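In: okay, predicted coordinates and the sequence, questions at the end:
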Amino acid sequence: MGKVAVEMKILPENMDNFEALKKKIFDTLAPSKISEEPIAFGLKAITLLIIIDDAPGGSDSLEEKASKIQGVSQVEITSVDRL
């Protein structure tokens, strides 16, 4: 079984506790890379690169886990690539 790289974009509910949300996401999902992407009017998205096993439903369970984090408004998987 191989590995896949999952790129994900997370939008926060608000920008009040953005850094705390970033830390919570990092601690929960353990991404290989985490960064910020400006959206509009001071809003930012959190972008992640996560390496997981290539298993059926792997990215779906990851998306579900991310959406359950308190302070997350929306989760979008932007790409899934085999390594």
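Out: Noted; the coordinates are in hand. Residues are numbered from 1 along each chain as shown.

In: just name the shakiest helix or strand of this structure by mean pLDDT.
Out: Within the chain, no helix or strand scores below helix 58-67, which has a mean of 90 by mean pLDDT, DSSP states H and E.

In: contact partners of that one?
Out: Under the criterion C-beta atoms under 8 Å, 6 or more residues apart in numbering, residues 4, 6, 8, 10, 25, 28-29, 50, 52, 72, 75, 77, 80 lie in contact with helix 58-67. Yep, even glycine has a C-beta here, placed from its N, CA and C like the rest.

In: what do you get for stretch 23-38?
Out: Stretch 23-38 is contacted from outside by 5, 9-10, 22, 44-51, 62, 65-66, 69-72, using C-beta under 8 Å, 6+ apart.

In: ranges for the strands of this structure?
Out: For the chain, the strands defined by DSSP state E occupy 3-12, 33-38, 44-53, 72-82.

In: the second one pairs with which strands, parallel or anti?
Out: Right, the one you point to is strand 33-38. Strand 33-38 pairs in its sheet with strand 44-53 (antiparallel), by DSSP bridges.

In: count the residues that sit near Val80.
Out: If you count neighbours by other C-beta atoms under 10 Å, Val80 ends up with 15.

In: also Leu11?
Out: Other residues within reach of Leu11, judged by other C-beta under 10 Å, total 15.

In: same deal with the one 3 residues further on?
Out: One way to gauge burial is a neighbour count; for Asn14, by other C-beta under 10 Å, it gives 10.
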